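Chemist: model the structure of this input:
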Amino acid sequence: MDGLVRLLELAYSSGSVYISDVMHLGFQREVQEEQGWLSFLHGWCVYVDDRLAYLDAIIRELELCSNRTSVAQFLVELRSGDDVVFADAIMYFKAIHDFEAEKLANLHIFSQASVAHVARRRQFVARFSSV
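Modeler: Predicted coordinates:
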């Protein structure tokens, strides 16, 4: 039923009785929706990339503190076993970093597939606009 309602809405919006005009409008809308999705996906990639840079900075600082006890003593009061705390913190942030890096790689793959999908939709729009 939803498909019929959408088809009737497209036919009304196109202002034409020709199916080629209705199909052209339908594909144009799909391209616009996909471009909005691509924009969102790009923004999400930028967010994850920024998060990776932030995690890299945290990991570097923790490694610096664990390698230089004088810096660590300045930042926090060291007690026996605090080296283990630094090692655990570094491992924790590296695990988060690896997860975020994998997420970013998957987002890039998904983005590439979405770009290809939009390109196919644009081809359909071009076919119906020439009819």
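
Chemist: could you point out which element follows the one helix or strand in the chain whose mean pLDDT sits lowest?
Modeler: The helix or strand of the chain with the poorest confidence is helix 69-75; it has a mean of 55 (mean pLDDT, DSSP states H and E). As assigned by DSSP states H and E, the chain's next helix or strand after helix 69-75 is helix 82-130.

Chemist: low pLDDT regions in the chain?
Modeler: For the chain, residues meeting the criterion pLDDT under 70 lie at 1-8, 10-12, 17, 66-86, 128-131.

Chemist: kindly recompute the last result at 90.
Modeler: 1-38, 58-93, 114-131 (pLDDT under 90).

Chemist: in which helix or strand would I find Ala53?
Modeler: Element membership of Ala53 [criterion: DSSP H and E] is helix 19-67.

Chemist: quick one: that helix to helix 82-130, angle?
Modeler: For helix 19-67 against helix 82-130, the angle by axes from the mean of the first three to the mean of the last three C-alpha atoms, to 10 degrees is 170 degrees.

Chemist: what packs against helix 19-67?
Modeler: In terms of contacts (3 or more C-beta pairs under 8 Å, 6 or more residues apart in numbering; DSSP states H and E), helix 19-67 is packed against helix 2-14, helix 69-75, helix 82-130. Placement of C-beta: from N, CA and C, glycine included.

Chemist: list the contacts of Gly43.
Modeler: Neighbouring residues of Gly43 by C-beta atoms under 8 Å, 6 or more residues apart in numbering: there are none.

Chemist: tell me how far Gln28 lies from Tyr18.
Modeler: Using C-beta to C-beta, to the nearest Å, Gln28 is found at 15 Å from Tyr18.

Chemist: likewise for Leu64?
Modeler: To Tyr18, Leu64 is 69 Å away according to C-beta to C-beta.
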